[in-house]
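> Quick one, what's the 3D model for this:
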Amino acid sequence: MRTKITSILSSLSLLFCFAYAPNLSAAEDWNWTLAPYLWAGDITLDLYANDNQVIGGEIDFSDIIDKLDGAFLIHFEGQRGKGGFFLDFIYLSVNDSQSRPPGVVLPGGAEIDVTLDTTVIEAAGFYRPSGGDHGLDVLFGVRSLDIAPDIRITPPDPAPSERLKGSETYTDGFLGLRYMAPMSDKWAIILRGDVGAGDTELTWTASALFNRSFGERAQHNLLFGYRHMAIELEEKSENITVQTDLTISGPILGYAFRW
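Residues are numbered from 1 along each chain as shown. Now for the predicted structure:
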């Protein structure tokens, strides 16, 4: 069923692209945007096995500075007339450890080391009825998530340690809206929200950004605001159901070069 949903949404995205191709070719010039940015988000990871919580808790950004193994975030966009496309790439690698109190799943005092590598790639098109530099965009595209947890559980002696390691790729289709409105000659606000489904149970994002432009042609832009992303996963086997809830939420700061 999930594969069918993903195929349907992906087909709809391609259909939209073909439908708006004439509008793209009728416009005069492409407008390009390249924006690397920093997402100072707090990460919350909850992992359940058969409804029993195995891992849970929030890693604050002040802790992430020490626990972040790597991060790379970049946005690329092209717009021509009433249509366009964008690519968004996010990579985060976080390492954390905690002691598990006595509970159902793990013995008391167990030490848990978690390394979580998360890669999110979005490829989407958008339709802007106004055809201008600002206005309402209808978003449609595909979101690919690669989540690779590496969990090492070290119980109190003499029990041996256990390691759970794997990597799964999930593909969702998503639909959303984005609204870009000028506040003055130099300031603009950008609001975005979308929801996706397919291989995951649910993914959704929401963001609010302010844009401050510099230069006569507004080629240089400072972006800052807030972004939230939530991912819900569920995997089933014969004897176990694993549920994973991952959220990344916090302020965002970037630089956009437009030409």
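> all helices for the stretch 151-259 of the chain, in order.
With DSSP state H, counting those that start in this stretch as the criterion, the stretch 151-259 of the chain has no helices.
> Strands of that one, start to end?
162-165, 168-182, 187-198, 202-214, 220-236, 241-258 (DSSP state E, counting those that start in this stretch).
> now do the stretch 1-150 of the chain
Using DSSP E, counting those that start in this stretch, strands in the stretch 1-150 of the chain cover 31-39, 42-49, 52-55, 58-59, 68-80, 83-100, 110-127, 135-154.
> hmm, back to that, nearest approach to residue 122 belongs to which of the strands of the stretch 151-259 of the chain?
Evaluated with C-beta to C-beta, the strands of the stretch 151-259 of the chain place strand 168-182 nearest to residue 122, the distance being 7.7 Å. (Glycine included, C-beta is placed from N, CA and C.)
> Please spell out which residues along the closest one are buried.
Applying a neighbour-count criterion of 16 or more other C-beta atoms under 10 Å, the buried positions in strand 168-182 are 170-176, 178, 180.
> Who does it pair with, and is each partner parallel or antiparallel?
strand 135-154 (antiparallel), strand 187-198 (antiparallel) (DSSP bridges).
> Mean pLDDT, mean neighbour count and distance to residue 127 for the ones you listed - can I get that in a markdown table?
What follows is the strands paired with strand 168-182, written out as a markdown table (pLDDT from 0 to 100; neighbours: other C-beta atoms under 10 Å; distance: least, C-beta to C-beta, whole Å):
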| stretch | mean pLDDT | mean neighbour count | distance to residue 127 |
| --- | --- | --- | --- |
| strand 135-154 | 85 | 19 | 5 |
| strand 187-198 | 95 | 18 | 14 |
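> which regions of this protein sit below the pLDDT cut-off?
1-28, 45, 47-71, 94-112, 114, 149, 151, 153, 155-167, 235-242 (pLDDT under 70).
> Specify the beta-bridge partners of residue 43.
Bridge pairing for residue 43 - DSSP bridges - gives residue 59, residue 248.
> can you check residue 202 too?
Assigned bridge partners for residue 202, using DSSP bridges, are residue 232.
> returning to what we had before: closest one to residue 93 among the strands of the stretch 151-259 of the chain?
Here strand 241-258 is closest among the strands of the stretch 151-259 of the chain (C-beta to C-beta), at 12.9 Å.
> before we move on, the earlier item: so which of the strands paired with strand 168-182 gets nearest residue 119?
strand 135-154 (4.3 Å).
> ok and that closest one relative to strand 202-214, angle-wise?
Angle, strand 135-154 to strand 202-214, by axes from the mean of the first three to the mean of the last three C-alpha atoms, to 10 degrees: 120 degrees.
> Can you verify my assumption that residue 256 contacts residue 34?
Yes: judged on C-beta atoms under 8 Å, residue 256 makes contact with residue 34 at a distance of 7.1 Å.
> Give the residues shared as contacts by the two.
residue 75 (C-beta atoms under 8 Å, 6 or more residues apart in numbering).
> higher neighbour count, the two?
Counted by other C-beta atoms under 10 Å, residue 256 and residue 34 do not tie: residue 256 has more neighbours, with 20 against 13.
> May I have the residues that are in contact with that one?
33-35, 75, 211, 220-223.
> Could you work out the most separated pair of those residues?
Applying C-beta to C-beta across these, the maximum distance is between 75 and 220, 15.4 Å.
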